[in-house]
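Q: please find the sequence and the predicted model below.
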Amino acid sequence: PTVQPESIRLFHLYCVEHGYDIGQYDVPQAFLQAEAEGDIFFYPPPGCADFPGQIFKCIRNLYGGKSAARLYYLRFVEFLTSLGFEADTMDPCFFRRRESSGLFTLLICHVDDSRIGAPPAILEEIYQALFAEFQVTVADGTRFLGMDMEYDKLRGVLKLHMQTYIQETVVRFESCDTTVGYPYRQIVGCILWQCTVHGGDLMRAKQLASRCNDFGPEDFAAAMKLLYRLRDRGDKGIIFRRGGYSRVRVPDNRRLKGEDGTVTPYYVGADDLIDEFGQKDLYRQEDADADDAREQPDFPVSDRFKLVAYTDASFAVNEKMQSITGWVIYLNGTPIMWGSMRQTVVVDSSCSAEYVAASVTVKKMKELENRLLFLEIRCARPYTLYTDSQAAKAIAENTNSMGNVRHLDIRTHMTRCYISLGDIALAFCVTEQMVADLFTKIVTAGQESNLLDRFYNDCTED
């Protein structure tokens with residue numbers, strides 16, 4: 001198993017927030033660290049046998065063995081467990097260990113590469129244990145899985161970007177020999193990795209990926225053009241800030257009207273409607289203590305972390321008239337989860353598409369909420385979910401009238417349920433500041449520049 005990108009970002013956010021040092025280590029000849037599982041025999045290479053018919057038996061795993069990676073992982077986890085670490089149930093490569101201060105020492109691993117966040121004394125203790133067991137080597141920590149890291153511990157600012165990786169990728173594919181074929185799948189894989197861990201041009205990358213089974217010279221040229229775009233952005237990347245909780249940006253919910261600067265507020269919907277059955281609330285019980293009866297973790301709400309999300313949809317954009325859902329979820333102004341997907345339900349209006357997109361984003365927010373429980377972090381509820389659709393907002397907030405979305409499946413009404421429970425609060429923001437637009441459509445150059453700055457860090461300026 002390899003660490004998930006969301007866990008990488010949570011790891012760095014936690015370390016920056018608590019002022020940890022970050023150490024990076026590599027296990028040399030990692031797969032040889034575990035003993036072979038069962039009896040494995042092989043013939044020696046030609047010219048290496050001591051006598052005809054000689055057969056070798058493996059004592060340790062070899063690179064290329066089907067179970068080598070799994071057995072090394074089990075060996076590594078066994079050792080970490082002896083040090084007091086435990087793995088996250090949602091990510092088996094994300095580990096924590098509680099210290100006397102009440103905080104956690106964190107460790108993430110990607111095959112044989114590991115990062116540890118802890119105070120200096122604890123970091124040195126763990127390094128000595130790892131060196132005694134695996135003879136680990138120490139890296140300078142400026143690069144991890146293709147990402148460049150710039151960490152100013154004193155200011156509490158860490159930046160993750162991929163300038164070096166992108167430059168190396170451009171050189172690699174500029175110098176390839178296209179006379180024997182175009183390495184199209186390889187270049188698309190590199191771009192998708194950059195989008196997965198760093199964000200950016202996800203929609204353009206997905207368009208390129210859809211051509212992997214039917215590509216030509218023009219598709220390879222389009223991939224190179226995208227690489228040049230990424231290279232020209234330099235070291236623009238995700239920024240983690242200490243104290244970002246109190247600086248999360250609030251987007252505008254109205255536009256200026258006229259030269260005199262007057263504004264027109266947006267309609268936010270009514271909340272006093274009764275449905276045809278005379279019921280005012282279809283989800284929440286009349287008992288005022290119903291919400292308190294839900295099982296809650298035994299640790300308090302944190303005053304250092306804040307969860308905010310953006311949701312957007314593009315209505316009927318592809319050849320099959322499918323709509324696209326996009327989402328971005330922030331923790332302390334840093335993007336932790338983002339993505340886009342085709343909607344699998346039939347919608348007949350942009351309002352319905354936005355409503356479905358909101359339900360998908362709510363599920364992603366609940367996923368991040370569960371991930372944060374591993375770090376014993378509870379963000380204050382309700383979580384703010386921004387949408388640029390007044391119609392979808394009005395329908396979601398009015399739990400007593402379905403409007404024109406009765407044809408949708410039950411699972412798409414999740415937003416209404418969590419609004420009633422007080423977990424989610426929908427808020428309107430203008431389309432020009434909808435960060436999730438980056439993941440539903442290809443925006444103009446000016447809008448892209450504006451939204452990318454907001455995407456990489458949504459905190460207010462110093």
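A: On my side now, so go ahead. Numbers count the residues shown, from 1 in each chain.
Q: would you map the strands across the stretch 301-450 of the chain?
A: Assignment of strands within the stretch 301-450 of the chain using DSSP state E, counting those that start in this stretch yields the ranges 307-314, 324-331, 334-342, 383-387, 424-428.
Q: can I get those strands in a markdown table with distance to Thr460 and mean pLDDT?
A: C-betas here are computed from N, CA, C, even on glycine. Supplementary listing: the strands of the stretch 301-450 of the chain in a markdown table, determined by distance: least, C-beta to C-beta, whole Å; pLDDT from 0 to 100:
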| stretch | distance to Thr460 | mean pLDDT |
| --- | --- | --- |
| strand 307-314 | 13 | 93 |
| strand 324-331 | 13 | 92 |
| strand 334-342 | 13 | 91 |
| strand 383-387 | 15 | 94 |
| strand 424-428 | 17 | 91 |
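Q: between these, which gets nearest to Pro44?
A: strand 334-342 (48.6 Å; C-beta to C-beta).
Q: quick one: strands adjacent to the closest one?
A: Take DSSP bridges as the rule and strand 334-342 pairs in its sheet with strand 324-331 (antiparallel).
Q: next, the angle from the strand it pairs with to strand 383-387.
A: Direction vectors for strand 324-331 and strand 383-387, defined by axes from the mean of the first three to the mean of the last three C-alpha atoms, to 10 degrees, enclose an angle of 140 degrees.
Q: to Gln33, which of the strands of the stretch 301-450 of the chain lies closest?
A: With C-beta to C-beta, the closest approach to Gln33 among the strands of the stretch 301-450 of the chain belongs to strand 334-342: 32.2 Å.
Q: buried stuff in that closest one?
A: Of the residues in strand 334-342, those buried under the neighbour-count criterion (16 or more other C-beta atoms under 10 Å) are Thr334, Pro335, Ile336, Met337, Trp338, Gly339, Ser340.
Q: stretch 350-365 now?
A: Within stretch 350-365, judged by 16+ other C-beta under 10 Å, the buried ones are 350-362, 364-365.
Q: check the offset of that stretch from the chain's centre.
A: With C-alpha atoms, centre = their mean, to the nearest Å as the basis, the distance from the averaged C-alpha position of stretch 350-365 to the chain average is 18 Å.
Q: lowest-scoring secondary structure element of this structure by mean pLDDT?
A: Ranking every helix and strand in the chain by mean pLDDT, DSSP states H and E puts strand 262-263 at the bottom, with a mean of 53.
Q: so the residue sitting nearest the centre point of the chain bridges to which residues?
A: Relative to the mean C-alpha position of the chain, the nearest C-alpha, by C-alpha atoms, centre = their mean, is the one of Met337, at 3.1 Å. The partner list for Met337 in beta bridges (DSSP bridges) reads Ile329.
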